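1. Quick one, what's the 3D model for this:
(one chain, ligands or ions: 1)
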Amino acid sequence: MKDNYYITTPIYYVNDVPHIGSAYTTLAVDVIARFMRLCGKDVMFLTGTDEHGQKVEKAAANKNIDPQKFTDELSEHFRNLCEVMNISCDDFIRTTEDRHKQTVEKFWQKLVDSGDIYQGKYSGWYCVRDEAFYDKSELTPEGLAPTGASVEWVEEPSYFFALSKWQDKLLEYYKDNPEFIKPQSRYNEVVSFVKGGLHDLSVSRTSFNWGIKVPGDDKHVIYVWLDALVNYLSALGYPDNDNFKKFWPANAHVVGKDIVRFHAVYWPAFLMAADLPLPKCIVAHGWWTNEGEKISKSLGNVINPVELVEEFGLDSVRYFLMKEITFGSDGNFSRSSLINRINSELSNKIGNLVQRTLSFVFKQCDARVPEVEQNFASLAYKSTLLQYAVNAAQTNIKLMENFEINAVLDNILNIAEQANIYIDNQAPWQLKKTDIIKMNEVLYTLLETIRFIGLMLQPFMPDAACKILDQLGVDTRARDFAHLNENFALQSGSVILEPTPIFPRFENAS
Ligand code: MSP
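-> Predicted coordinates:
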């Protein structure tokens, strides 16, 4: 039986169109999901939109549009981004859907039944941009939220979740599960935040309307974060659907560093209260800046991922976003770095290797995988080059299980570098004049290495990888990671296609 693997993105606020930040999280999850499918897992990949709350209500009011109509339009942009970026999600959830509303109501009732929700009055600071309550001690000297957004004083009747009650249980859980929050720096932050003491959390608001009503008390709207986090259950049809039984607990919730507290403190406390198992891992990634500056609407430097794809092509954008940042750390977007990576890595290293090997084979070997001795494949696998590729493939599985996405790409690129050195050293164009048998062996070893590269590139650049494998003549049914070994080595005499450049250089740098 296949292993199940459930992975999610955060659901995106629909107060604005998608930007590079949302594209980045979704893409990272897409790469992980595709990788796990290729490892043979039964994957459920969920993304969607977070459509309730004061922030969205305000954005709709500013445009003078009914919030439902507004969210219908905006949510479509996020769905469209999935198309544009070739995102392989299995479901797209909207928090305004009925299936979600029903699950939130059931989940709320669970918390009421367990005695974790009580009625009171909230007075304190609220930040609409972050949809978060802040303690006075967390505000900056200028009286802003720690994120720099403005806060307002709120006094209203409210339901509370007894978060403080869960403090020790949470700390115990972190201690017993050191892999629960990645990377380690975020784990440490969460532990020290919880050790600092947890206050009960206000989980309903009365000062606006746009949300799911508290069951039995429709003056109250359920706090948008409680509503939003439950999406991870609604998409599985919690509590009765088979998918819930099959996929819960999630293997990973991938989130940006700004929303770790909600996922690694509030969410596990809600789940413990509801007596449900906790997700296996909260994976936090860093933030992008643009040419060294914080990305913000007011600075006018928001990067539109759709325009980026139109200008540079999807494969290049996917590659760049995954390669530029050490997953978990912050990183900077710059046009020059993007163009440089297209030219010096994709085009010069991988593209060049594929193009020169395949066009040589196409012309000199009658467009067929060269003839070699029958047992040559196993000899080839003893070569330094293929040993290197096999080791990289094995390491990559461990790296991806640990969410070290960019390190996987580094490894693939290193294989291409080794293969380029090999082709230069072996010089098949010279061997053609002196030793045809050796020339064929060299070419065979190179083609087999390219097969590895093509297979491993699939999660990152599905289109380009597909072209490489098509050109090599690899059967579409022989493309998962179970084929990364000599048992599935290319057959002498099988046909290759006339190669066309896969990663052209980006010339008109502006
Ligand atoms: N709606 C909540 C999430 C609820 S999940 C139950 C939310 N939405 S968001 O649209 O504001 O942010 C979604 C994701 O985009 C977050 O993971 C956030 O970190 C990410 N990014 C927003 N700007 C970003 C960058 N500049 N760089 C990288 N990611 C950033 O929070």
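2. how is this protein carved up into domains?
-> Using automatic domain parsing, the domains assigned to the chain come out as 4-286, 335-488.
3. now those as CSV including mean neighbour count, distance to the ligand and mean pLDDT?
-> For every residue, glycine as well, the C-beta is placed using N, CA and C. As requested, the domains of the chain are exported to CSV (neighbours: other Cβ atoms under 10 Å; distance: least, Cβ to the nearest ligand atom, whole Å; pLDDT from 0 to 100):
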stretch, mean neighbour count, distance to the ligand, mean pLDDT
domain 4-286, 19, 2, 96
domain 335-488, 18, 14, 97
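4. Out of those domains, which gets nearest to Phe503?
-> domain 335-488 (3.5 Å; Cβ to Cβ).
5. Distance from that closest one to the middle of the chain?
-> Per Cα atoms, centre = their mean, to the nearest Å, the displacement of domain 335-488 from the mean C-alpha position of its chain is 26 Å.
6. again, but for stretch 288-302
-> Between the centre of stretch 288-302 and the centre of its host chain there is 21 Å, according to Cα atoms, centre = their mean.
7. list the buried ones in it?
-> 288, 290, 295, 302 (16 or more other Cβ atoms under 10 Å).
8. Which members of these are positioned in strands?
-> Residues of these located in strands (DSSP state E): 288, 290.
9. and which of the buried residues of stretch 288-302 is nearest to Glu441?
-> Here the nearest of those to Glu441, counting by Cβ to Cβ, is Trp288; it sits at 45.7 Å.
10. Report the contact partners of the closest one.
-> Taking Cβ atoms under 8 Å, 6 or more residues apart in numbering as the definition of contact, the neighbours of Trp288 are 20-21, 24, 295, 303, 325, 330-333.
11. Give the bridge partners for it, please.
-> Gly331 (DSSP bridges).
12. any idea how far it lies from Ala407?
-> Trp288 is 19 Å from Ala407, where distance means Cβ to Cβ, to the nearest Å.
13. picking that back up, looking at the contacts of Trp288, which is nearest Lys382?
-> Once Cβ to Cβ is applied, the member of the contacts of Trp288 that ends up nearest Lys382 is Ile325, at 36.5 Å.
14. Need the domains of the chain in JSON lines (columns: distance to Thr500).
-> Below are the domains of the chain laid out as JSON lines (distance: least, Cβ to Cβ, whole Å):
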{"stretch": "domain 4-286", "distance to Thr500": "20"}
{"stretch": "domain 335-488", "distance to Thr500": "8"}
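15. and the closest residue to Lys101 other than its chain neighbours, backbone torsions?
-> Among residues not flanking Lys101 along the chain, Ile212 sits closest, at 5.4 Å (Cβ to Cβ, 6 or more residues apart in numbering). The phi and psi values for Ile212, taken as degrees, to the nearest 10, are phi -90, psi 130.
16. Please apply the same query to Phe78.
-> Backbone phi and psi, for Phe78 under degrees, to the nearest 10, turn out to be phi -70, psi -40.
17. dump the residue contacts of it.
-> For Phe78, the residues meeting the contact criterion (Cβ under 8 Å, 6+ apart) are 12, 14, 18, 22, 47-49, 92.
18. Could you tell me which of these are located in helices?
-> Among those, the ones falling in helices (DSSP state H) are Ser22.
19. List the contacts of Leu431.
-> Shown here is Leu431, whose contacts under the criterion Cβ under 8 Å, 6+ apart are 438-439, 442.
20. my bad, should have said Asp366
-> Listed by Cβ under 8 Å, 6+ apart, Asp366 has no contact partners.
21. which SS class is it?
-> Three states are possible here, and by DSSP: H, G, I helix; E, B strand; the rest coil the one that applies to Asp366 is coil.
22. Now do it against Ser494, distance only.
-> Relative to Ser494, Asp366 is positioned 12 Å away (criterion: Cβ to Cβ).
23. sorry, back to before: for Arg505, which of the domains of the chain is the nearest?
-> Checking the domains of the chain against Arg505 by Cβ to Cβ gives domain 335-488 as the closest, at 4.7 Å.
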